[in-house]
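Enquirer: Predicted coordinates and the sequence they were generated for:
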Protein chains: 2
Amino acid sequence: MRVHLPKKHLAETLAQVERIIPHRSSNPGLSLLNLELKDDTLIFRGSNLDLDIEATLKADVEGEGQLAIPAQVFGQVVRALPGELVELALVDQELEIRSGSFDTRLQLSDPSSVPSLHFPDSYSGVLNGKLLGDALEHVRYASAVAEYQQIFRGVKLELSDRKLRAIATDGFRLAYYHVDETSGLEGDLVIPARSVDEMVRLLGNGEARLELSEAQVSIASGIYKLNVKLMEGTFPDYERVIPAQFLVTLSLDAKTFAETVARVAVMADKTANNRIDLFVKDGHLEITAEGAYGRSQEGLEVQQEGSESQIALAYNAKYLTDALQHIDGRMRLSLSGTTSPSLLAGLDQPSYLAMVVPLRTG
Amino acid sequence: MRVHLPKKHLAETLAQVERIIPHRSSNPGLSLLNLELKDDTLIFRGSNLDLDIEATLKADVEGEGQLAIPAQVFGQVVRALPGELVELALVDQELEIRSGSFDTRLQLSDPSSVPSLHFPDSYSGVLNGKLLGDALEHVRYASAVAEYQQIFRGVKLELSDRKLRAIATDGFRLAYYHVDETSGLEGDLVIPARSVDEMVRLLGNGEARLELSEAQVSIASGIYKLNVKLMEGTFPDYERVIPAQFLVTLSLDAKTFAETVARVAVMADKTANNRIDLFVKDGHLEITAEGAYGRSQEGLEVQQEGSESQIALAYNAKYLTDALQHIDGRMRLSLSGTTSPSLLAGLDQPSYLAMVVPLRTG
C-alpha cells in the first residue's frame, strides 16, 4: 500500500480535517485520523462526535487498505515536508512518509479504536453551497455562549419547498436570514454553533447535496462529506417577537453608525452591559456612553420617520456592533419602543435582519 | 491648556509608550500616563519600574501643565478617533479629547500617584542606534526563562574603548555579538531581557546617546528617552567556556540546516529535551529523532574538516533552531566533542556567534 501525491494537496486537505479532530480526548481514538487508500483515491476520515468529516483526494495509489494515525502529529510532519511530492507507504506496520531526502516512520494506532463513521451513499436535497454558507454565517454570531440554555447555543435551519431560513438568538438579540430557495427537503434543524463554523468553512461555491435523518444532517460539498449531529429541544418561537410596528425609523450609513458605536463604547461601563445610549430628535442621533473613566458622545445626522418626534434608548454596545458587521451601505434602524426590540437591516440586503432588545434603563 | 496634533502621530507614539505602562498593577499609579504640555511639545511619561520612558512630540500647544490619565483607556479612545486631527484640552478637571464630531471627557487621576521620573539632561556616550539594537536583538533569545537563576534572565552589555559586546546565556547555550565600536563609555551592564525587548523596539537608526549611573543606563534615541534599571549580581565568566579547539568542523547552508532540524524535530520527544541526534561521517550529516509517535531522519551533504572522521552528538532541537535564526548563507558548525560546547557561526557574519551544549546521551 503506497501513494504519491503533491504535498500541497495533502497539506491543505489535512489542515481542514485536522481542525475537526480533537487534539486530546478522554477517548484517545477520537484524536486519530483514519486513512483509506482505494481506487486511486486517498480518503481521510475523522470526528469530534458532533461532526464527522470525510475528505477524498485523487492520488496515485498502489494497493489498498486502511490505517489509523495521530492526526496532529501527521499534520505537523506533512507541513514540514521539504519536497513538492510526498510518498506515503505502509512499511513494517509503520506509515513511512517520504519527501526529498526526508524520511519519517509514524507508528500506527489500533484502527479498531477509531470511531466507525458512515456517510450516506445518496443525497436527496441540493442547495448552492455559498447560499447555505452565507445563511449560516450571517446569523451564527447571535447564538448564545456556554452559560445559556442548551438550545440557544444552536443555529436553526428551516428547509421547506419555498424557503431556506437560518436563525440564531440568545434571548437578547436575534439574527435572521431568509431566501426563497428550496433544497427539495423539508425540516427544522438546530445545529450546534461550533459545527456551523466548520460548515461555513467547508462549504464551497458549488453544489451542496443534503440528506436528512432523525438525528443528523449530512452534507456533501466538493471533496468533503459531513455528518452533522442535530440538537434536541424546542427552538423559541422567534417570529412572535419580531415587531412589525415602529415608533421611529431611522435611515443612516451602516459603516458610519458601526464606527461611531465602537468609538463611543470605549467609555461604556463593561460591568453594566457595555451600555450606550441613543437619543433621536429631529433627524439628529446622539450616541453617548459613561463609565468609570469618563464619558463619550458623538452625533450623527439621520433621516427620521415615524409617529414620535424623539426617543431615548440604551443598548449593549457589543450587540449593536455584532449586528452591524453584516450590514453595508445605507441601512434602516427601526425602533419599536424602549423595552421592545429594535430592528437593523441594510436597505439593499433583503435577506438579512438583526434584532436587538434595548437595555432596561429604569 | 490645549493642544492640536495629527491623530497619526499621537496614536503611534502612544502605542509605544502604552506598551511599557502596565495595564494593571498593585500600585495603581503605575498604570497611569503622565502628559506634560510645554514649549510647543507634548511629553508622555510612564514606567514599569524596570524601565522608564519619555516621548516628546512636537505639537500646537496653548498654555502649559501636567496631568495623569489611565494609559490604556486613553490609548483605546485615541485609536478609535474618527478624524485626522485631535484636540486635547483641560476642561473642568477632565481631559477633553475631540476629533470630528466625537467628544470624550476622560477623568483625571491624581498626578501625585504617578511615579516621579527623571531623565538625564546630558549624555556622555554615543552609539549608532541600529548597531546597539542589532547587538541586543541577536543574543536576547539565549537568556533564561523564569525558573533559572536571576542573573541568567539578563543580557550582558560590555562597553569599552575598543568594543561593544552583548552576551546572553542560560547555562545550556550562549549567544555572543561583538563589534569594534566604542560609545566613549566603559562598563559591564546586565539588562533584564524584558527591557532589552523594549530597547530593541525603540532604538532608531540614528544616534543613541547613553549615560551610565550606578543602577541604570539611560538612552536617548529619536523622540524617546529611556531609563533602564540594571540587574545586580555576577554574570558568568562566559569566555572561559567558549572552546577554541574542535574535533570536527562542518560547513553547510544555514537555511537548509535550520529547516532540516525543524522537520526532523517534529518527531522528537518533547518530554526528553526535544532530543535530535547528529551523526557526521565522510562529509555526510545524518539528523534523526525518535519519540512516542515514531522517528524521522534526513541526510545533508556537508564540507567536513578536522581530526576525527566521524562523530555523534545529540542536542535540544529548540536550541539549534533558536541559534540558527540569526545565521544566513553559508555557516560553520564546529564540534568540540560530545560533552563540550558546539559553535555555530555564519561565514559572512563575523559579529555573531552561538554556542550550544550537546545533550548527555550516556
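Expert: Arrived safely.
Enquirer: Isn't A:Ala193 up against A:Val155?
Expert: Yes. Under the criterion of Cβ atoms under 8 Å, A:Ala193 is in contact with A:Val155, at a separation of 6.0 Å. Placement of C-beta: from N, CA and C, glycine included.
Enquirer: so what sits against both of those two?
Expert: A:Arg140, A:Ser143, A:Ala168 (Cβ atoms under 8 Å, 6 or more residues apart in numbering or on different chains).
Enquirer: quick one: which of A:Ala193 and A:Val155 has more around it?
Expert: Neighbour comparison, A:Ala193 and A:Val155: the larger count goes to A:Val155, with 29 against 20 (by other Cβ atoms under 10 Å in any protein chain shown).
Enquirer: can you give me phi and psi for the closest residue to A:Lys38 other than its chain neighbours?
Expert: Excluding the flanking residues, the one nearest A:Lys38 by Cβ to Cβ, 6 or more residues apart in numbering or on different chains is A:Glu64, at 4.3 Å. Torsion angles at A:Glu64 (phi, psi; degrees, to the nearest 10) stand at phi -150, psi 160.
Enquirer: Next, the distance between the ends of stretch A:238-245.
Expert: The first and last residues of stretch A:238-245 sit 16 Å apart, counting by Cα to Cα, to the nearest Å.
Enquirer: what does it rub up against?
Expert: Counting by Cβ under 8 Å, 6+ apart, A:Lys156, A:Ile167, A:Thr169, A:Leu174, A:Tyr176, A:Ser334, A:Ser336, A:Ser340, A:Pro341, A:Leu343, A:Leu353, A:Met355 sit against stretch A:238-245.
Enquirer: can you tell me which residues contact the fourth one?
Expert: Under the criterion of Cβ under 8 Å, 6+ apart, the neighbours of A:Leu174 are A:Ala142, A:Ile167, A:Ala168, A:Tyr238, A:Val241, A:Ile242, A:Pro341, A:Ala354, A:Met355.
Enquirer: ditto for the first one
Expert: A:Lys156 makes contact with A:Arg165, A:Ala166, A:Ile167, A:Ala168, A:Asp188, A:Leu189, A:Val190, A:Ile191, A:Phe235, A:Tyr238 under the criterion Cβ under 8 Å, 6+ apart.
Enquirer: Quick check, A:Glu94 in contact with A:Asp103.
Expert: No. In this structure, A:Glu94 sits apart from A:Asp103 without contact. The criterion is Cβ under 8 Å, and the distance is 11.0 Å.
Enquirer: give me the low-pLDDT residue ranges for the stretch 51-200 of chain A?
Expert: Along the stretch 51-200 of chain A, the model assigns pLDDT under 70 to residues A:147.
Enquirer: I'd like to know which residues of it are adjacent to chain B.
Expert: Applying the criterion Cβ under 8 Å from any Cβ of the partner chain, the portion of the stretch 51-200 of chain A that neighbours chain B consists of A:70, A:73, A:76-77, A:80-82, A:94-95, A:100-107.
Enquirer: Now, these that are in helices?
Expert: In helices, defined here by DSSP state H, the members of those are A:Val73, A:Gln76, A:Val77, A:Ala80.
Enquirer: Return the per-residue confidence for the closest residue in space to the last one that isn't next to it in sequence.
Expert: In this case it means A:Ala80. Leaving aside its chain neighbours, A:Ala80 sits nearest to B:Arg263 (4.1 Å; criterion: Cβ to Cβ, 6+ apart). On the pLDDT scale, B:Arg263 is placed at 96.
Enquirer: can you confirm B:Arg263 is in a strand?
Expert: No. Secondary structure assignment places B:Arg263 outside any strand; it is helix (DSSP: H, G, I helix; E, B strand; the rest coil).
Enquirer: shouldn't it be in contact with A:Gly83?
Expert: No. Under the criterion of Cβ under 8 Å, B:Arg263 is not in contact with A:Gly83, lying 10.8 Å apart.
Enquirer: Any chance of a PyMOL selection covering the buried ones in the contacts of A:Lys156?
Expert: The PyMOL command for the buried members of the contacts of A:Lys156 (criterion: 16 or more other Cβ atoms under 10 Å in any protein chain shown) is given here:
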select buried, chain A and resi 165+166+167+168+189+190+191+235
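Enquirer: Doesn't A:Ala68 belong to a strand?
Expert: Yes. A:Ala68: assigned to a strand according to three-state DSSP.
Enquirer: State the number of residues packed around it.
Expert: Quick note: A:Ala68 (other Cβ under 10 Å) scores 20 neighbours.
Enquirer: which ones are touching the spatially most central residue of chain A?
Expert: Residue closest to the average C-alpha location in chain A (Cα atoms, centre = their mean): A:Asp197, at 2.8 Å. Going by Cβ under 8 Å, 6+ apart, A:Asp197 touches A:Arg140.
Enquirer: on that earlier part again, please give me every residue in contact with the residue nearest to A:Lys38.
Expert: So, once contact is read as Cβ under 8 Å, 6+ apart, A:Glu64 ends up touching A:Met1, A:Glu36, A:Leu37, A:Lys38, A:Asp39.
Enquirer: change it to 10 Å
Expert: A:Met1, A:Glu36, A:Leu37, A:Lys38, A:Asp39, A:Thr41 (Cβ atoms under 10 Å, 6 or more residues apart in numbering or on different chains).
Enquirer: cool, and A:Phe152?
Expert: Each residue near A:Phe152 by Cβ under 10 Å, 6+ apart is listed here: A:142-145, A:168-172, A:190, A:193, A:231, A:233, A:235-236.
Enquirer: Considering those residues, which possesses the most neighbours?
Expert: Among the contacts of A:Phe152, A:Ala168 has the most neighbours (other Cβ under 10 Å), with 28 neighbours.
Enquirer: backbone phi and psi for that one, please?
Expert: phi -140, psi 150.
Enquirer: ok, it to B:Leu347 distance?
Expert: When distances are taken as Cβ to Cβ, to the nearest Å, A:Ala168 and B:Leu347 turn out to be 60 Å apart.
Enquirer: Report back the residue of chain A that's furthest from centre.
Expert: Farthest out in chain A is A:Asp92, which, by Cα atoms, centre = their mean, sits 42.2 Å from the centre.
Enquirer: That one touches A:Leu106, doesn't it?
Expert: No. At 11.9 Å, A:Asp92 does not count as touching A:Leu106 under the criterion of Cβ atoms under 10 Å.
Enquirer: okay, and the common contacts of these two?
Expert: Counting by Cβ under 10 Å, 6+ apart, nothing touches both A:Asp92 and A:Leu106.
Enquirer: Buried residues of the helix ranked longest in chain A, list them for me.
Expert: Within chain A, and with DSSP H defining each element, the longest helix by residue count is helix A:7-20. Neighbour counts using 16+ other Cβ under 10 Å place A:Lys7, A:Leu10, A:Ala11, A:Thr13, A:Leu14, A:Gln16, A:Val17, A:Glu18, A:Arg19, A:Ile20 of helix A:7-20 among the buried residues.
Enquirer: again with stretch A:102-109
Expert: Going by neighbour count (16+ other Cβ under 10 Å), the buried part of stretch A:102-109 is A:Phe102, A:Asp103, A:Thr104, A:Arg105, A:Leu106, A:Leu108, A:Ser109.
Enquirer: tell me which of these is nearest to B:Glu259?
Expert: Proximity of those to B:Glu259 (Cβ to Cβ) peaks at A:Phe102, which lies at 9.7 Å.
Enquirer: does that closest one have beta-bridge partners, and which?
Expert: Beta-bridge partners recorded for A:Phe102 (DSSP bridges): A:Ser99, B:Glu298.
Enquirer: contacting residues for it?
Expert: A:77, A:80-83, A:86, B:259-260, B:263-264, B:287, B:296-299.
Enquirer: Which stretches in the stretch 51-200 of chain A count as strands?
Expert: For the stretch 51-200 of chain A, applying DSSP state E, counting those that start in this stretch gives strands covering A:51-58, A:60-62, A:65-70, A:85-91, A:94-99, A:102-107, A:125-128, A:154-159, A:164-169, A:173-179, A:187-192.
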